[in-house]
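In: I'd like to go over a predicted model; first the sequence, then the structure.
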Amino acid sequence: MPNKIAFSPDNPWPRIGWGSFASLVLMSTLFGFVILSRYQENSETLSLFDAICRAVGIPIRNLQAESAAPTLRVPTDLAWTRVTLDQIRAGNVQRGEFIALNCAACHEGSTANPSHLIPTLNGMEAEVIFKQLADYRSRKRLWGVMEAIAQALTIQDSADVAAYFSSRTGQLQANLPGRVPEGGRAFRQSDPAARLAFAGDQQRGIPPCSACHGPGGFRLGAPPLTGQYAAYIERQLASFGQGIRNNDIYEQMRAIARQLTPEEMKAVAEFYGSPAPELRTANN
Amino acid sequence: MQNSNRLTLYQCSVAFAVVGLTVLCSPWPVPISAQDNKRPADANRGAVIAAQGAAGGPACAACHAFDGTSDTSGAFPRIDGQSASYLEQQMRDFASSDRMNAIMSPIAKALSADDIADVAEYYANRNTQFLPLASADAAIVKKGQQLAQEGDAAKGILGCSNCHGPNGEGMPPMPYLAGQYAQYITFTLRMWKSGFRKNSPDLMGPIAKQLDDHESAAVAAYYQQVRRPAGTAEPSSGQNTRK
Amino acid sequence: MYNSKWLALCHYWVAFVVFLPAAILGAWQMLMRSPLPAPLDDPNLYYTSVTLHGTAMAYVVTTFFAMGFGYAVTATSLGRPIKGATAAWIGFFICLIGTLMAVAAILSGKASVLYTFYPPLLGSAWYYSGAFLLVGGSMIWVVLMVVNMAAWKRDNPDRPVPLAMFATTATALLWTWAASGVELELIGIVLPRAFGLTVDMDAGLARMLFSVTLHAIVYFWLMPAYIAFYTLVPQVAGGRLYSDTMGRVTFIMFLLFSVPVGIHHLLADPEIGIGFKYLQSFLTFLVALPTLLTVFSICASLEIAGRHRGGQGLLGWIAALPWREPMILAVGLSLIMLGLGGGGGLINMSYGMNSLIHNTAWIPAHFHLMFGGAVVIMYFAIAYEMWPRITGKPLRSKRLARWQLWLWFWGMLITTIPWHITGLMGQPRRVAIFDFNDPLLAPMVSLAILSVIGGFILLLSAILLVTILVRSQIGKIELPEPLSYALAVNPPVRVPKSLNGFALWNAILLMFMIVEYGYPIGQFFILKSSVPVFEMTRQSTAAGAR
């Protein structure tokens, strides 16, 4: 291109342009990747290679922690990656039906579940069932017989069972994004259960339940609650609140449940758990 | 003309008989099945397996409880005091898919024959008390009792006690039914009916297919509240069963 | 105007016809967020409205306006008909169809993903396709600008390209570079997922690509206003442009420094190394330079005009300027808002101070003041200059036009200054409803109400604008004087090749992009950052459909 190689006195601009480019890149790279990255107030001085790695965003191998790190407990072994989603999608409903013969006694039978502490699964989302089985299998969630059952099932079995239950219809209402029924009136609810469900509580940092659990909201891995047994919901909230149940990613449920009073847990559970939930309209 | 050096027919026959009988009566090392000469089952080892599981699988006690009573949901059968041979046979059938169950099959496949024998021995020796469970309507129980003891002539079904014992205490190789959870009995009858359980096709299959839902429920309700007389735990010696 | 008359007019009309409903939505949004009762009180509607308001103002109004202005400038500054007018019309219709698709999708409620798309939110494929057509169709305009400038240079060898055309072509090239980010994001990531061809999307890569667009687009919006500063304002003021060369250099600097700096919109994102954030922040400080040069040039040009008109003393020239002209009034008001908003911009680009205002209401306050204020007020002024030239009907009342500009100015200040303050108090952005009974939020009540008042003043101003333009469309015909551009104090006889074309600058920009964005984009082909999407159009699993 004539402009680039026309380094003539007539046209000083290529020199100016490329010179500025070079000096800017040089200066900024020097500062950003070498000087500032090496010398930081809150960490030790790094070697040049480590400094460049840190600036680029590659983890440094040998950096010592300043203080002892707290013991890490991973809440679940499952992550919502493409692999996981593919596994879930590969579930076969017919095979799942056969496997689920074993599940009905507790999850559907009323004789085995008179206190309703065992959740109903018909219409439950496949991802939820898959994750909970994975957590039972890896003992991140504990409940009596469920760990043994989950251990006996393979990943494909879990996907099949999940597909089967999600294809059934029952008292659970599906979680679909749409209008939050209370709309803008949620903050002015006097009913504490409806207020928590649709508006949450800002001061305690509690988001509305419906944002993830419906109605009107949706989040991958959050079970739909409308129509679930109230006793089960209440028990799980209590478990989360005390940290007994701790397979929630990022402690999301624990952080919320920790702040709920037992009365609120009961109220929210009953709000969601009525067989034909009447989404209470605004009191105004 | 007979030569005195040659043996007569009579002499040959006698010699042959003597040699043959001697041979036949000797203790030949006959190839025996594992059943007849197996190592004695170790109930203590069985207890450990029941509590902790083996071969990476879940522990039996997780679902069936350490004392064999399971949880009372009826999702899992009561196995305390069940005959060891019956328990072993069921585990073999789970492993070979003659009895198809999505949870028990993988567990059974993972266990070795010794593991199975030990655990069966352990649970066979347990004899846990019966806890009072809610019983069904008296009329249903009565109907169940009638079916159990007399059967149903119209459908050509023998009474259950003919095979499972007068009080449902079991007659090996048939398991006891007394005190077994109603939900589980109903479930098993359904498994026979649908063909998922195939390890007694000529006996239980046709019977189960004849029973309708009410009859299954009645029989199950009856047996749940029958109490097994004390001391009728089965001995641990195993006889080879059919198969 | 040669053959650009109808082209420019149609583009302008689409821009301003979309502008008015979007302004109504904006006022409603302010009301919704405030303690005052609002009709249609529904957070879902709020996000639909934000998406529509954002898409309309940020993509539709601006792109159509820039295209129309570009065609008008091409014809008038080069003094000949536009080459490729048919292609221009095809481009117009593609953009129009894209706009209609996007608007329909948003109104159906299935595309409340905001104009930044926010992956892994996933809206309707119609929305993304519409946006793609709108942006893609404008590439035809880009090609035409470049082609026309090249053709003129061929026919006029060794003569300097008129500054207005040079700047317009710089704008077009800037838009190409800027739009490449969003187009790659759409083609490569979002559209395949929207059409179900892939299972998930790489949110990190999508955000990185969009950041290429996100900063550069605001300069694309800015350029028509600056073109007016350099080429129309001195003329209207009755003076000359201080320096033609400074003008060219300014536009070149915009081209160079507004594109490879997008990561300063991602300063809070974890997927980029700190070194690259530093690199791009360093470069971002340089983009303040052309604005400072512009302010200097314009003030200098206005001083020349003022003194020419008889102004005496240190500041007496200011009073001597023809403030009755909408263009001059607009410049004054624009420069005030530019100063305020620009200061806010310096805060946003500084990593430490950015952490203070990240995701707070400070951000929309800032860009409304900068773009909605400083830039759009110049769009109005340009419209007031252009309409008479195109339709042959002069403005019926310059007084009404000045009223409209003053209302816009005061409305914008009353809206955005309290908004900035609530942002500093921690009020989050993109939130539909606040519980003002909460003691933490109670101090914001009066500020929020002030912003609502400002919002309705702005709405009034928008209605006035459209009224003025409509009246100008249907008035009686008097032939106005043709559009002429400001002469420089020293009109260039010859300019160096590099200030007459863009080959050098494109090459330097390419190298900048490789250095600044090469690894940040490339790393995503090694990192695994695909995530499942959050679908706005989700079907029930229970029905078996997925």
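Out: Looks like it arrived, so ask away.
In: which stretches of the chain have low pLDDT?
Out: Just going to use chain A. A:1-9, A:61-66, A:109-111, A:177-181, A:183-185, A:274-284 (pLDDT under 70).
In: looking at chain C here, not the other one
Out: In chain C, residues with pLDDT under 70: C:480, C:528-529, C:535-546.
In: Please apply the same query to chain B.
Out: Residues of chain B that meet the cut-off, pLDDT under 70, sit at B:1-7, B:25-38, B:228-243.
In: Point out the residues in it that sit beside chain A.
Out: B:57-59, B:62-63, B:71-76, B:100-104, B:106-107, B:182-184, B:187, B:191, B:196 (C-beta under 8 Å from any C-beta of the partner chain). Every C-beta, even on glycine, is put in place using the N, C-alpha and C of the backbone.
In: Which of these fall in helices?
Out: Within the residues of chain B next to chain A, residues falling in helices by DSSP state H are B:62-63, B:104, B:106-107, B:182-184, B:187, B:191.
In: Between all of these, which two are separated the most?
Out: B:P106 and B:A182 (27.0 Å; C-beta to C-beta).
In: more neighbours, those two?
Out: B:A182 (26 against 18; other C-beta atoms under 10 Å in any protein chain shown).
In: Next secondary structure after the helix or strand containing C:G341?
Out: Taking DSSP states H and E as the definition, C:G341 sits inside helix C:326-349. Moving toward the C-terminus from helix C:326-349, the next helix or strand (DSSP H and E) is helix C:351-357.
In: Point out the other helices and strands that the next helix or strand after that following helix packs with.
Out: Sequence order places helix C:362-367 as the next helix or strand after helix C:351-357, per DSSP H and E. Here helix C:362-367 touches helix C:326-349, helix C:398-424, going by 3 or more C-beta pairs under 8 Å, 6 or more residues apart in numbering or on different chains; DSSP states H and E.
In: Packing partners of the last one?
Out: If contacts are counted by 3+ C-beta pairs under 8 Å, 6+ apart, helix C:398-424 sits against helix C:326-349, helix C:351-357, helix C:362-367, helix C:376-391, helix C:445-474.
In: TSV for those helices, including mean neighbour count?
Out: As requested, the helices and strands packed on helix C:398-424 are exported to TSV (neighbours: other C-beta atoms under 10 Å in any protein chain shown):
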stretch	mean neighbour count
helix C:326-349	20
helix C:351-357	14
helix C:362-367	22
helix C:376-391	23
helix C:445-474	19
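In: re the thing from before, I'd like to know which of the helices and strands packed on helix C:362-367 is closest to B:A139.
Out: helix C:398-424 (73.3 Å).
In: How about the contacts made by the residue nearest in space to the middle of chain B?
Out: Nearest to the mean C-alpha position of chain B, counting by C-alpha atoms, centre = their mean, stands B:Y86 at 1.9 Å. Contacts for B:Y86 (C-beta atoms under 8 Å, 6 or more residues apart in numbering or on different chains) come out as B:170, B:172-175.
In: sorry, back to before: so which of the ones in helices among the residues of chain B next to chain A comes closest to chain A?
Out: B:A62 (3.4 Å; C-beta to the nearest C-beta).
In: mind checking how far the closest one is from B:A51?
Out: Per C-beta to C-beta, to the nearest Å, B:A62 is found 9 Å from B:A51.
In: Looking only at neighbour counts, state which of those two leads.
Out: Applying other C-beta under 10 Å to B:A62 and B:A51 shows that B:A62 carries more neighbours, namely 22 against 13.
In: and that one, what is it in contact with?
Out: Contacts of B:A62 by C-beta under 8 Å, 6+ apart are A:144-145, A:147-148, B:53.
In: out of the residues of chain B next to chain A, which are buried?
Out: Neighbour-count burial (16 or more other C-beta atoms under 10 Å in any protein chain shown) is assigned, among the residues of chain B next to chain A, to B:57-59, B:62-63, B:71-76, B:100-104, B:106-107, B:182-184, B:187, B:191, B:196.
In: Just give me the neighbour total for the residue in the stretch 301-450 of chain C positioned nearest to chain A.
Out: In the stretch 301-450 of chain C, no residue comes nearer to chain A than C:D435, which is 4.8 Å away by C-beta to the nearest C-beta. By other C-beta under 10 Å, 17 other residues sit near C:D435.
In: shouldn't it be in contact with C:L441?
Out: Yes. C:D435 lies in contact with C:L441 (C-beta atoms under 8 Å); the separation is 6.6 Å.
In: Domain boundaries for chain A, per the record?
Out: A:2-56, A:93-113+A:123-167, A:183-273 (automatic domain parsing).
In: Straight-line length of the second one, end to end?
Out: Terminal residues of domain A:93-113+A:123-167 are spaced 8 Å apart (C-alpha to C-alpha, to the nearest Å).
In: Distance from it to the middle of the chain?
Out: Mean C-alpha position of domain A:93-113+A:123-167 versus that of the full chain (C-alpha atoms, centre = their mean, to the nearest Å) differs by 20 Å.
In: need the contact list for the residue lying closest to C:S446 once chain neighbours are set aside.
Out: Computed as C-beta to C-beta, 6 or more residues apart in numbering or on different chains, the closest residue to C:S446 that is not its neighbour in sequence is C:P418, at 7.9 Å. Contact analysis of C:P418 by C-beta under 8 Å, 6+ apart lists C:446-448, C:450-451, C:454.
In: what about the helices in chain B?
Out: Using DSSP H, helices in chain B cover B:9-25, B:34-37, B:43-52, B:60-64, B:84-96, B:104-110, B:113-124, B:138-150, B:161-164, B:182-194, B:204-210, B:213-224.
In: Nearest to A:H107 among those would be which one?
Out: Using C-beta to C-beta, the nearest of the helices of chain B to A:H107 is helix B:182-194, at 12.6 Å.
In: Restricting to C-alpha, output that closest one in PDB.
Out: In PDB, the C-alpha atoms belonging to helix B:182-194 read as follows (Å, rounded to 0.1, in the frame of the first residue of the first chain):
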ATOM      1  CA  ALA B 182     -48.400 -55.500  52.200                       C
ATOM      2  CA  GLN B 183     -47.100 -53.000  49.800                       C
ATOM      3  CA  TYR B 184     -44.200 -55.300  48.900                       C
ATOM      4  CA  ILE B 185     -46.500 -58.300  48.400                       C
ATOM      5  CA  THR B 186     -48.700 -56.300  46.100                       C
ATOM      6  CA  PHE B 187     -45.700 -55.100  44.200                       C
ATOM      7  CA  THR B 188     -44.300 -58.600  43.800                       C
ATOM      8  CA  LEU B 189     -47.600 -60.000  42.600                       C
ATOM      9  CA  ARG B 190     -47.600 -57.200  40.000                       C
ATOM     10  CA  MET B 191     -44.100 -58.100  39.000                       C
ATOM     11  CA  TRP B 192     -45.200 -61.700  38.500                       C
ATOM     12  CA  LYS B 193     -48.100 -60.600  36.500                       C
ATOM     13  CA  SER B 194     -46.200 -58.300  34.200                       C
END
